[in-house]
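Student: Output the structure for:
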Amino acid sequence: MLKRFSISLEEKLLAEFDRFIALRTYSNRSEAIRDLIRKGFVQEAWEADKEVAGVITLVYDHHRYQLQEKITELQHELHHHIISSMHVHMDHDNCLEVIVVRGKARKVQNLAEQLIALRGVKDGHLSMSSTGDHLR
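Tutor: Residues are numbered from 1 along each chain as shown. Predicted structure coming up:
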């Protein structure tokens, strides 16, 4: 069931919000506000160390001695947090690893930090998301 409410914004803030909506191709302000509220709830879940989901993305040097083994070893050690992973050969020297994870926020964040900190990882990122349980 939908409920209506109104909010008051300064003219400049509303103009910036409308620009934000247009850039992200939201169909209306309500959709954008719902999305921002959900993002706040996702952030809150991560800060409260709740059950979360996320994606760890790594770009690394394929030729770095034992790096692939270390990445695999960490995933095996924390296998209960790994839902799936995908390995892509970007070119002769670089690989992309995408790891879908789930678990308590601190454990997932710690896993991401360990992987990103490995010598030979050129870029790493944790995209934080939700299990969806508390989002409507």
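Student: What segments of the chain are helices?
Tutor: Assigned by DSSP state H, the chain shows helices spanning 11-23, 29-47, 67-77, 105-116.
Student: Of all those, which one is nearest residue 54?
Tutor: Set against residue 54 and scored by CB to CB, the helices of the chain come closest in helix 105-116, at 5.6 Å. Any C-beta I mention is one placed from the backbone N, CA and C, and that applies to glycine too.
Student: Centre-most residue in the protein?
Tutor: Residue closest to the average C-alpha location in the chain (CA atoms, centre = their mean): residue 127, at 1.4 Å.
Student: Dig out what that residue forms beta bridges with.
Tutor: For residue 127, the beta-bridge partners are residue 55 (DSSP bridges).
Student: Now stretch 29-45: average pLDDT?
Tutor: Averaging pLDDT along stretch 29-45 gives 92.
Student: related to what we said a few turns ago, out of the helices of the chain, which comes closest to residue 4?
Tutor: Using CB to CB as the measure, helix 29-47 is the one of the helices of the chain that comes nearest residue 4, at 9.1 Å.
Student: Going by contacts, tell me the helices and strands next to that closest one.
Tutor: With contacts taken as 3 or more CB pairs under 8 Å, 6 or more residues apart in numbering; DSSP states H and E, helix 29-47 sits against helix 11-23, strand 51-61, helix 105-116, strand 121-130.
Student: Highest mean neighbour count out of those?
Tutor: Comparing the helices and strands packed on helix 29-47 by mean neighbour count (mean count of other CB atoms under 10 Å), strand 51-61 ranks first with a mean of 20.
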